[in-house]
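> Sequence and computational prediction follow.
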Amino acid sequence: FPVTISRAHLILERGLEQCPGDLVLYIKQVLLKPLIYKNLEEIQAFHDRLTENLQIVLDHLQTQRETVSQLTSSQIYEILDALDLAYIAYQGMDLVPIAKTIAGIISSIVDITQPHLRELIDPQFSLQTVQNHPTVSRDRKIRVGYLGTCLKDHSVGFLARGWIQFHDRNRFEVFCYSINPKHSPTDPIAATFEHYSDRFYLFSSPGMEVIKQILEDQIDILVFIDLNVGSKMTYLSVLRLAPIQCGFWGNPMTSGSTKIDYFLSSQLMESWQAQSHYSEKLVYLPDLASCCLAETIDLSSLDPWGITSDSVTYLFTQTLLKHLPQYDYIFAAIAQRVPSAHFMILAQPDEYLAQAFLDRLEGVFSDYNLELKHYFQLLPVMPKPQFYALQSSVDVVLDSLGWSGGITTLDAINCAVPIVPYRDWE
């Protein structure tokens, strides 16, 4: 059954009553966040509350150093999961202050629980002011390391594999550090990373083994390939493991970490004033920034979806968490102008949140004197061949406003379907 935000808060409150000194439960409670919002005011209120609560957590850690020092690895990862910024980024708010505070919290946890890390790492870079004057040895090829949990069949892996494949081998030596406890030898994207690496390492967790290997390899430039995907990369992002450290899309959002020098993003995606959205130095890579190897899709081999020809079908493929309440009117406005409009959405991330999304839309459609049930169809998440068949059968793919699509948008291009985006900056 769905767990509402109020029920989750009650569960954590009861847990704290039974375990009043439990730091993990405390942090989870004060950082509890909804996934679907009713309106823009609710988003702003959450943003303000989160900013305040994060500072409370940071201050709390300093007064509870003994408790923090006794945290286990699993408890640390639970805290990092509670600090995950991924869904918050969809809100379209300024995340730099929040991200900096989160990086400060994680850095405090690392310093208190594993002080030996600083002793191990700091001497490696003590003779240079790393951020202002990074140096790369010219006596050998430049060693570029790619570190991440998504060097596999994942959207980030799909976007980044071309970098590894097409490096100039006369200038660069490529090292890949894959943190993947469920590595599969049949994974084609993982195989690409392994094949085109000069050295490929596989780890089950982001512990000392990873850190020591990166330091031993004397990497010149370390790229966190999925900087904001899950807690494992967040943990490592507050450490200085190479003279130059860069972040890349897990999500195109700042890490807030003083140890990440550059953020690699897309010239076509970022606005001219986007530097203010990052604590890192923003690097505008040409075009889409990624070297995407297009998948060949034989549309003639796909089973038709069976959409009636008398309707105009609009497919929204993004996770519904991306669609903010201030843009709900778009669907109703289209339906008002196109009476035969038929919207198809996927139940992402799950059917309960999808239903909450539809419930929110119902009021908007009512304001337009329209009945939502006549226009919307909720579909389950489906395998790729079925998804391609769906995309190739619709009339229009609608991009999400404020936070555009990635792989699904490229899929739509492969399926020869027109995409309607919205540019919200000049």
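Done, it's in. Numbers count the residues shown, from 1 in each chain.
> Going by C-alpha atoms from here, please, whenever you check contacts or count neighbours.
OK.
> Show me where the stretch 301-426 of the chain has its strands.
Listed in chain order, the strands of the stretch 301-426 of the chain (DSSP state E, counting those that start in this stretch) span 312-316, 341-346, 376-379, 396-398, 419-420.
> do the same with the chain
Ranges of strands in the chain, per DSSP state E, are 142-148, 172-179, 199-203, 221-224, 244-247, 262-266, 281-285, 312-316, 341-346, 376-379, 396-398, 419-420.
> which one of the ones you listed is the most hemmed in?
Of all the strands of the chain, strand 244-247 has the most neighbours on average by mean count of other C-alpha atoms under 10 Å, namely a mean of 24.
> what is residue 246 paired to in the beta sheet?
When assigned by DSSP bridges, residue 246 has beta-bridge partners residue 223, residue 262.
> In contact with it, which residues?
Residues near residue 246 by C-alpha atoms under 8 Å, 6 or more residues apart in numbering: 221-224, 260-264.
> Now with 6 Å, please.
Counting by C-alpha atoms under 6 Å, 6 or more residues apart in numbering, residue 246 touches 223, 260-263.
> swap in residue 420?
398-399 are the contacts of residue 420 under C-alpha under 6 Å, 6+ apart.
> what's the spacing between it and residue 316?
Separation of residue 420 from residue 316 (C-alpha to C-alpha, to the nearest Å) stands at 10 Å.
> So for those two, which residues contact both of them?
Going by C-alpha under 6 Å, 6+ apart, residues that sit against residue 420 and also against residue 316 are residue 398.
> Kindly list the longest helix within the protein.
helix 40-63 (DSSP state H).
> buried stuff in that one?
Within helix 40-63, the residues scored as buried using 16 or more other C-alpha atoms under 10 Å are 43, 46-47, 50-51, 53-55, 57-58, 60-61.
> go on, stretch 380-399?
Within stretch 380-399, the residues scored as buried using 16+ other C-alpha under 10 Å are 381, 387-399.
> Over to stretch 111-118?
Buried-residue list, stretch 111-118, by 16+ other C-alpha under 10 Å: 112-113.
> How about the contacts made by residue 419?
Neighbour list for residue 419: 396-398 [criterion: C-alpha under 6 Å, 6+ apart].
> hmm, back to that, relative to residue 101, which of the buried residues of stretch 380-399 is nearest.
Nearest to residue 101 out of those is residue 399 (C-alpha to C-alpha; 31.6 Å).
> Let me see the mean pLDDT of stretch 191-209.
Stretch 191-209 carries an average pLDDT of 92.
> Dump that stretch to CSV, keeping only the CA atoms.
Output of stretch 191-209 as CSV, limited to C-alpha atoms (Å, rounded to 0.1, in the frame of the first residue of the first chain):
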residue,chain,number,x,y,z
ALA,A,191,31.5,-4.6,-21.9
THR,A,192,32.2,-1.4,-23.9
PHE,A,193,33.7,0.3,-20.9
GLU,A,194,35.8,-2.7,-20.1
HIS,A,195,37.0,-3.2,-23.7
TYR,A,196,38.1,0.4,-24.3
SER,A,197,39.8,0.9,-21.0
ASP,A,198,43.5,0.6,-20.6
ARG,A,199,42.7,-0.6,-17.1
PHE,A,200,39.3,-1.6,-15.9
TYR,A,201,38.5,-2.2,-12.2
LEU,A,202,35.3,-3.7,-10.7
PHE,A,203,34.3,-3.0,-7.1
SER,A,204,31.3,-4.1,-5.1
SER,A,205,31.3,-0.9,-2.9
PRO,A,206,32.9,2.5,-2.7
GLY,A,207,35.3,1.7,0.2
MET,A,208,39.0,1.9,0.8
GLU,A,209,39.8,-0.5,-2.0
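> what about residue 368, how many neighbours?
Neighbours of residue 368 under the rule other C-alpha atoms under 10 Å: 13.
> That one and residue 320: what is the separation?
Residue 368 sits 22 Å away from residue 320, going by C-alpha to C-alpha.
> what does residue 235 give?
In this view, residue 235 and residue 320 are 28 Å apart by C-alpha to C-alpha.
> cool, and residue 252?
According to C-alpha to C-alpha, residue 252 stands 18 Å off from residue 320.
> same thing with residue 77?
Separation of residue 77 from residue 320 (C-alpha to C-alpha): 26 Å.
> One more: residue 215?
Relative to residue 320, residue 215 is positioned 41 Å away (C-alpha to C-alpha).
> The two: which is more packed in?
Between residue 215 and residue 320, counted using other C-alpha under 10 Å, the more crowded position is residue 320 (22 against 16).
> Next up, phi/psi of the residue lying closest to that one once chain neighbours are set aside, please.
Spatial nearest neighbour of residue 320, excluding adjacent residues (C-alpha to C-alpha, 6 or more residues apart in numbering): residue 348 at 5.9 Å. Backbone torsions of residue 348, given as degrees, to the nearest 10, read phi -120, psi 130.
> right, and residue 348 touches residue 317 too?
No - if you go by C-alpha atoms under 6 Å, residue 348 and residue 317 don't touch, sitting 8.6 Å apart.
> more crowded one of the two?
The residue with more neighbours, out of residue 348 and residue 317, is residue 317; 22 against 18, by other C-alpha under 10 Å.
> wait, what's in contact with the more buried one?
Contact analysis of residue 317 by C-alpha under 6 Å, 6+ apart lists nothing.
> now with 10 Å?
Contact analysis of residue 317 by C-alpha atoms under 10 Å, 6 or more residues apart in numbering lists 344-348, 381, 387, 391, 397-400, 405, 408-409, 412.
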